[in-house]
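>>> Got a predicted structure here, sequence first:
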Amino acid sequence: MADGLRKGLTSYGDAGFSLFLRKAFIKAMGYSDDALNRPIVGITNTYSDYNPCHGNVPQIIEAVKRGVMLSGAMPMVFPTISIAESFAFPTSMYLRNLMAMDTEEMIRAQPMDSVVVIGGCDKTLPAQIMAAVSADLPTVVIPVGPMVVGHHKGEVLGACTDCRRLWGKYRAGEIDDIEIEAVNGRLAPSVGTCMVMGTASTMACITEALGLSLPMSATIPAPHAERFRSAEASGRVAAVMAKAKGPKPSELLTATSFQNAQVVLQAIGGSTNGLIHLTAIANRTRHRIDLDAFDKLGREVPVLIDLKPSGEHYMEHFHHAGGVPKLMAQLGDLIDLDAKTITGQTLREVVADAEEVPGQDAIRPRDNPIKAEGAMAVLHGNLAPRGAVIKQSAASPKLLQHTGRAVVFESVEDMTLRVDDPDLDVNADDVLVLRNAGPKGAPGMPEAGYLPIPKKLARGGTKDMVRISDARMSGTAFGTIVLHITPESAVGGPLALVRNGDMIRLDVAKRSIDLLVDEAELEKRRAALAPAVTPEWARRGYAHLFNETILQADEGCDFDFMREQGKD
Ligand code: FES
């Protein structure tokens, strides 16, 4: 197969002329024949003025280029979509598949022998890995790294677990306008991704466990010099892979590596979003994530990382304690150490190099975990025939078995309008229900599953309630929150049948979530549901494609035609 500049020639008649033309144009950039005859390493540029999480990308790119050139290959930087969590309307999840398609097609369309994808903010790493898996070109992933922590009145702060905690205090009247403004300037003190165990950190750890990035690359803080040395080393590895034409993602992503990723997802107290993304990545290979097997794993794998929101520390503490290699060392036989990584090393070799840090308490040993069971549990029941997820490690233990009266919100907008209404009929034992917030319903499955505690209850001291929805939740959030109820209400899932005052029973030990209404009544309600029509927002463009082809949460929310097997 052709390589370097000869790869994937644009067709202008004969191949010789096509190459002649390509070289004529690229020489306009001042490249020599020597440079153009080298193996090519493509490098994605996801820098954007809208994306502070990726604020160090230009410096990372320079370091990668240095590594590539020191190893005798030719770096070529190209732009792709950049998605920043809080600058993506309606949601970043809505755009993840667009970024995956963009990245995949640019990898395919342009000549390169390997590719370095640089990402980090929540949906970007999953999108890039989905793309790399489908393109199946040798790939090195570089997470941009977490922010360093902030400080406020002697307290350590982190985006965005503490954003939510302190906003909750503000809503409850415990913090005034002046203090919340001061906090606002201290929650994100540097570029980089959220420094708690949110989706960005979760996906970076999973990427390292999958062997797609260099050891320690998940945790090195974004502004640290070590981050750029790691990027240079990643460039070197990408150059070696370009020359060797491997390993490709299809060679690295085995059933074993997906199992390792699931173990790590549970052990880090990872984001529930991580499960959706890992499912989407697996579905682009011949492997699958089985929700029941994932739940079973959760009963065996303890949470070992003491990080917010499940614990106390932040990503830089995890890093200084030994990072993912040390975590995998502590997990022992739960990790299959024969799995291979991009460098050709096995995880056994990676773990053998893990640093021993005396006195550290961010990475716990297996006999002294943060939680005896894993981060997440998968629930089933008449409310969630195809499953739902709860991050039990960040929930209130006393609410894990709870029966309460439903207080229903029809949509995110309805919830926003009414949740703080002093006349809302709600008490602390009720179950807050949000629907029409799934992949199609909202659209884009917003991170609205963290329903706020109604102000009148928050002011009375209520800190947590059972909340259920077909939405997602930020990995940085906490509470007794059931998410990803599947099928979602917008496609007629049972969540659409719940009425105010119905009783709902959550039993995490039994892995169940049920609506305590008899089947005959539910059937009556089902028959009365309005038939689905194409919503106004989905009549054209990407929105149309999204609405027509988006899969449910249990299938990773990819487009149906993007899976390995294509459309059914
Ligand atoms: Fe970008 Fe949290 S907002 S990682």
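That came through fine. Every value quoted in this text rests on a predicted model; they were computed, and no experiment measured them.

>>> Counting by contacts, list what the top helix by length along the chain packs against.
As assigned by DSSP state H, the longest helix anywhere in the chain is helix 225-244. In terms of contacts (3 or more CB pairs under 8 Å, 6 or more residues apart in numbering; DSSP states H and E), helix 225-244 is packed against strand 40-45, helix 57-70, strand 114-119, strand 139-143. Quick note: C-beta positions are derived from backbone N, CA and C, even for glycine.

>>> what mean pLDDT does the following helix or strand past that helix have?
Next along the chain after helix 225-244, taking DSSP states H and E as the criterion, comes helix 249-252. Averaged over helix 249-252, pLDDT sits at 98.

>>> and helix 249-252, how far out from the chain's middle?
Between the centre of helix 249-252 and the centre of its chain there are 20 Å (CA atoms, centre = their mean, to the nearest Å).

>>> Show me which residues of that helix are buried.
For helix 249-252, the neighbour count (16 or more other CB atoms under 10 Å) marks P249, L252 as buried.

>>> CA atoms only for that helix - export them in CSV, please.
Included here for helix 249-252 are C-alpha records, laid out as CSV according to Å, rounded to 0.1, in the frame of the first residue of the first chain:
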residue,chain,number,x,y,z
PRO,A,249,-6.3,0.3,17.1
SER,A,250,-7.8,-3.0,15.9
GLU,A,251,-4.7,-4.8,17.2
LEU,A,252,-4.7,-3.1,20.6
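
>>> Please enumerate residues in contact with that helix?
129, 132-133, 136-139, 210-212, 285, 339-342 (CB atoms under 8 Å, 6 or more residues apart in numbering).

>>> Report the buried members of those residues.
Counted by 16+ other CB under 10 Å, the contacts of helix 249-252 give 129, 132-133, 136-139, 210-212, 285, 339-342 as buried.

>>> related to what we said a few turns ago, in the longest helix of the chain, what counts as buried?
Here helix 225-244 shows 227-228, 230-243 as buried, counting by 16+ other CB under 10 Å.

>>> Closest one of the residues you listed to the ligand?
R227 (15.1 Å; CB to the nearest ligand atom).

>>> show me the contacts for that closest one.
When contacts are counted by CB under 8 Å, 6+ apart, R227 is found next to N56, I60, V144, G145, I220, P221.

>>> Between which two of these is the distance greatest?
Largest separation among these by CB to CB: I60 and P221, giving 12.8 Å.

>>> Compare these two and say which is more crowded by neighbours.
The neighbour count for I60 versus P221, taken as other CB atoms under 10 Å, is higher for I60 (28 against 24).

>>> ok, that one to F228 distance?
The gap separating I60 from F228 is 7 Å, by CB to CB, to the nearest Å.

>>> again, but for P39
23 Å.

>>> would TSV of the helices and strands packed on helix 225-244 with mean pLDDT be doable?
Converted to TSV, those look like this (pLDDT from 0 to 100):
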stretch	mean pLDDT
strand 40-45	98
helix 57-70	98
strand 114-119	98
strand 139-143	98
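
>>> Just put these in a markdown table and tack on distance to the ligand.
Below are these laid out as a markdown table (distance: least, CB to the nearest ligand atom, whole Å):
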| stretch | distance to the ligand |
| --- | --- |
| strand 40-45 | 17 |
| helix 57-70 | 12 |
| strand 114-119 | 10 |
| strand 139-143 | 10 |
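
>>> Kindly reformat the ones you listed as CSV and extend each row with distance to D177.
Formatted as CSV, those follow (distance: least, CB to CB, whole Å):
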stretch, distance to D177
strand 40-45, 40
helix 57-70, 35
strand 114-119, 36
strand 139-143, 36
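
>>> thinking again about what came up before, check the contacts of helix 249-252 and tell me the two furthest apart.
Largest pairwise distance in the contacts of helix 249-252, by CB to CB, is 20.2 Å, between L137 and A339.

>>> ok, of the contacts of helix 249-252, which one's closest to the ligand?
I129 (15.8 Å).

>>> what residues are up against that closest one?
With CB under 8 Å, 6+ apart, I129 has these contacts: V117, T139, V141, T207, L210, L212, P249, I281.

>>> change it to 7 Å
V141, T207, L212, I281 (CB atoms under 7 Å, 6 or more residues apart in numbering).

>>> Assign a three-state SS to Y50, would you?
coil (DSSP: H, G, I helix; E, B strand; the rest coil).

>>> Just give the closest residue to it, not the sequence neighbours.
In this structure, Y50 finds its nearest non-sequential neighbour in F87, 4.4 Å apart by CB to CB, 6 or more residues apart in numbering.

>>> and stretch 202-212 with the ligand, contact?
No. On the criterion CB under 6 Å from any ligand atom, stretch 202-212 is out of touch with the ligand, staying 9.5 Å away.

>>> Might you name the residue of the stretch 401-550 of the chain sitting closest to the ligand?
For the stretch 401-550 of the chain, CB to the nearest ligand atom, closest residue to the ligand: T476, 7.1 Å.

>>> ok so that residue is a strand residue?
No. Read with three-state DSSP, T476 is coil and lies in no strand.

>>> That one: neighbour count?
T476: 29 neighbours (other CB under 10 Å).

>>> before we move on, what about the one 5 residues further on?
I481: 25 surrounding residues under other CB under 10 Å.

>>> on that earlier part again, and the angle from the longest helix of the chain to helix 57-70?
40 degrees (axes from the mean of the first three to the mean of the last three CA atoms, to 10 degrees).

>>> in the stretch 101-250 of the chain, which spans are strands?
With DSSP state E, counting those that start in this stretch as the criterion, the stretch 101-250 of the chain has strands at 114-119, 139-143, 150-152, 155-157.

>>> quick one: strands adjacent to the third one?
Okay, so that is strand 150-152. strand 155-157 (antiparallel) (DSSP bridges).

>>> Sort out which residues of the strand it pairs with are buried, please.
L157.

>>> lowest average confidence, helix or strand, in this protein?
Each helix and strand of the chain was given a mean pLDDT (mean pLDDT, DSSP states H and E); the minimum falls on helix 161-171 at a mean of 88.

>>> got the contact list for the residue of the stretch 401-550 of the chain closest to the ligand?
C160, T161, R164, C194, V196, G198, P309.

>>> Now render these as TSV, adding neighbour count and distance to D558.
As requested, these are arranged in TSV below (neighbours: other CB atoms under 10 Å; distance: CB to CB, whole Å):
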residue	neighbour count	distance to D558
C160	24	26
T161	26	28
R164	18	28
C194	30	24
V196	32	26
G198	31	21
P309	25	27
